[in-house]
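[1] below is the structure, and that's it, no one-letter string:
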């Protein structure tokens, strides 16, 4: 278990894996703010496990130290990773997202 059940619930890991399944995403980037950096590997692990439980073949990438600050979705790095979506944890400006779901 990568995260305790309570933390996984707060981060909506299962719901996120279901969203990934519904949309058919294979390459997922997660973005965390600086204050959650210590949890990034655990979040990535938990999301990967949840996807595997749904028999999804996914790759999960961690985006940290992102361009433009932690509340801006880092589409540039996501594009460099060839990510099909970004799962952003923490506060964000959703209307700014233009290219990556």
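    Sure thing, it's come through. A quick note: this is a predicted structure, and the numbers were derived from the prediction, not measured. Residues are numbered from 1 along each chain as shown.
[2] check which residues of the longest helix seen in the chain are buried.
    Ordering each helix of the chain by length in residues (DSSP state H) puts helix 40-53 first. Along helix 40-53, the positions that meet the burial threshold by neighbour count (16 or more other CB atoms under 10 Å) are 40, 42, 43, 44, 46, 47, 48, 49, 50, 51. C-beta coordinates here come from the backbone N, C-alpha and C atoms, glycine included.
[3] Throw those residues into CSV and include pLDDT, thanks.
    Below are those laid out as CSV (pLDDT from 0 to 100):
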residue, pLDDT
40, 94
42, 97
43, 97
44, 97
46, 97
47, 97
48, 97
49, 96
50, 97
51, 97
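[4] quick one: the longest helix of the chain to chain centroid distance?
    Relative to its chain's centre, helix 40-53 lies at 9 Å (CA atoms, centre = their mean, to the nearest Å).
[5] which of the helices and strands in this protein ranks last by mean pLDDT?
    For the chain, scoring each helix and strand by mean pLDDT, DSSP states H and E identifies helix 75-80 as the least confident one, at a mean of 90.
[6] tell me where the chain has strands.
    Assignment of strands within the chain using DSSP state E yields the ranges 27-31, 59-63, 85-88.
[7] coming back round to it: packing partners for the longest helix of the chain?
    Counting contacts by 3 or more CB pairs under 8 Å, 6 or more residues apart in numbering; DSSP states H and E, helix 40-53 is packed against helix 13-23, strand 27-31, strand 59-63.
[8] with respect to burial, which of the ones you listed scores highest?
    Between the helices and strands packed on helix 40-53, the one whose residues have the most neighbours on average, counting mean count of other CB atoms under 10 Å, is strand 27-31 (a mean of 23).
[9] I appreciate the help and will end here.
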